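Colleague: this one's sequence-less:
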């Protein structure tokens, strides 16, 4: 094993198993024991029974969008992600490399009365997570010096994908591109979302969104 590989594996073990150890155990329990579905080769899980059915529908649609818009990106997503889990996450997504878990907070991607746009934004978040996975696969160590460049790269990939979907890239903005006051307000809103969720209210929201899509699809047939 050369020096570069050894350095990477030491960093990976320290970060993912020691620093993130408690979170890893929780993610493992959710991924393995939560009721799940198998969609396009991914295990899709939602710990909240009220929203599980709608989460599955949105993930199915988002994966279809990726496969249609960018088949090569879909191949990378399949390489870097095994599980897709509905979970609170700052800025809408997070990645657990040891288990290849993509955590999505789909509330972050909600577009009122627009199922198609919501699915595209979720697809963008999945692309973002898969890009993080790609950096791990290339043994890129995310130090304090390189972290910002890695984050910018992931957001740029996502913005490029969203442009191909016809969505304004500013809707998926890197935190560093926000003003100071906007960033603080955004972080405060995200923390409130994480700890003040209302499963029944969220289920009603997603049900209305998914049903509007079904009505729209029926009207086209």
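Modeller: Perfect, thanks for sending it. All figures in this text were calculated on a predicted structure; none of them were measured in a lab.

Colleague: how far off centre is stretch 48-63?
Modeller: With Cα atoms, centre = their mean, to the nearest Å as the basis, stretch 48-63 stands 13 Å off its chain's centre.

Colleague: helix, strand, or coil at residue 102?
Modeller: strand (DSSP: H, G, I helix; E, B strand; the rest coil).

Colleague: which secondary element of the protein has the worst mean pLDDT?
Modeller: Ranking every helix and strand in the chain by mean pLDDT, DSSP states H and E puts helix 180-195 at the bottom, with a mean of 57.

Colleague: correct me, but residue 79 touches residue 137?
Modeller: Yes. Using Cβ atoms under 8 Å, residue 79 is in contact with residue 137, at 7.3 Å. (C-beta placed from N, C-alpha, C; glycine too.)

Colleague: buried set for stretch 41-53?
Modeller: Across stretch 41-53, burial judged by 16 or more other Cβ atoms under 10 Å covers 42, 43, 44, 45, 46, 50, 51, 52.

Colleague: need the helices for this protein, in chain order.
Modeller: For the chain, the helices defined by DSSP state H occupy 3-12, 21-33, 49-69, 71-80, 115-137, 147-165, 180-195, 199-220.

Colleague: out of the ones you listed, which is the most enclosed?
Modeller: Counting by mean count of other Cβ atoms under 10 Å, helix 115-137 has the highest mean neighbour count of these, with a mean of 23.

Colleague: which neighbouring elements make contact with it?
Modeller: Identification of packing neighbours for helix 115-137 by 3 or more Cβ pairs under 8 Å, 6 or more residues apart in numbering; DSSP states H and E yields helix 49-69, helix 71-80, strand 93-96, strand 101-104, helix 147-165, helix 199-220.

Colleague: thinking again about what came up before, lowest-confidence stretch among the helices of the chain?
Modeller: Mean pLDDT is lowest for helix 180-195 out of the helices of the chain, coming in at a mean of 57.
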